[in-house]
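Chemist: build the 3D model from these lines:
(3 chains)
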Amino acid sequence: MFKDSFQNVPLYQRIYTVVRHIPPGQVATYGQVARIVGRCTARVVGYAMAVLPCDTDVPWHRVINGQGRISLRTSGNGSTEERRLLETEGVCFNHQGRVDFNEVGWFRQ
DNA sequence: CGGCTGACTCTGG
DNA sequence: TCCAGAGCCAGCC
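Modeler: Residues are numbered from 1 along each chain as shown, chains lettered A, B, ... in the order given. Below is the predicted model:
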């Protein structure tokens, strides 16, 4: 699907494009994004997020790990900031700090 | 060209 | 349910 849109575009650009397609109030996992982009794994998606500039228009906060939790690089915290951004968009967290994929999942199956 | 690193995921204990 | 180890691919020395 998305693969047809970009063919000779850098891999990072593909990942960013897919992430931009995530509607507000919904989230996707690294694995799902990797599957949509194809030809890359969840690790690559995570690395693509890691190199994102601060002034990017990519809603990187809508990308979380497969366990429904927010993952940030080893730099430390910021996940709290993350959670607040998502809650602003209407994403609900349970008492364990996880999101409910049945409610906000983008490409669930 | 080769090795190291990383915002992950899966499996087993 | 939580923790540890192995596999994975692209980018950057």
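
Chemist: buried ones in the helix or strand of chain A with the lowest mean pLDDT?
Modeler: Sorted by mean pLDDT, DSSP states H and E, the helices and strands of chain A end with helix A:79-89, the least confident at a mean of 88. The neighbour-count check on helix A:79-89 (16 or more other Cβ atoms under 10 Å) flags A:82, A:83, A:86 as buried. Yep, even glycine has a C-beta here, placed from its N, CA and C like the rest.

Chemist: wait, does it contact DNA strand C?
Modeler: No - with Cβ under 7 Å from any atom of the strand as the criterion, DNA strand C is not reached by helix A:79-89; the gap is at least 14.8 Å.

Chemist: who touches that helix?
Modeler: Helix A:79-89 has contacts (Cβ atoms under 8 Å, 6 or more residues apart in numbering) with A:24, A:25, A:27, A:61, A:62, A:70, A:71, A:72, A:93, A:97, A:99.

Chemist: tell me who's in contact with the residue nearest to the spatial centre of chain A.
Modeler: By Cα atoms, centre = their mean, the mean C-alpha position of chain A lies nearest to residue A:63, the distance being 1.5 Å. By Cβ under 8 Å, 6+ apart, residue A:63 lies in contact with A:19, A:22, A:27, A:28, A:29, A:30, A:33, A:45, A:49.

Chemist: keep only those of those that are in strands.
Modeler: Using DSSP state E, the subset of those located in strands is A:28, A:29.

Chemist: okay, the contacts of residue A:63 in TSV with pLDDT, neighbour count and distance to residue A:11 next?
Modeler: Formatted as TSV, the contacts of residue A:63 follow (pLDDT from 0 to 100; neighbours: other Cβ atoms under 10 Å; distance: Cβ to Cβ, whole Å):
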residue	pLDDT	neighbour count	distance to residue A:11
A:19	95	24	13
A:22	95	20	18
A:27	95	25	22
A:28	95	24	17
A:29	95	22	18
A:30	95	22	14
A:33	94	28	12
A:45	94	27	10
A:49	92	22	13
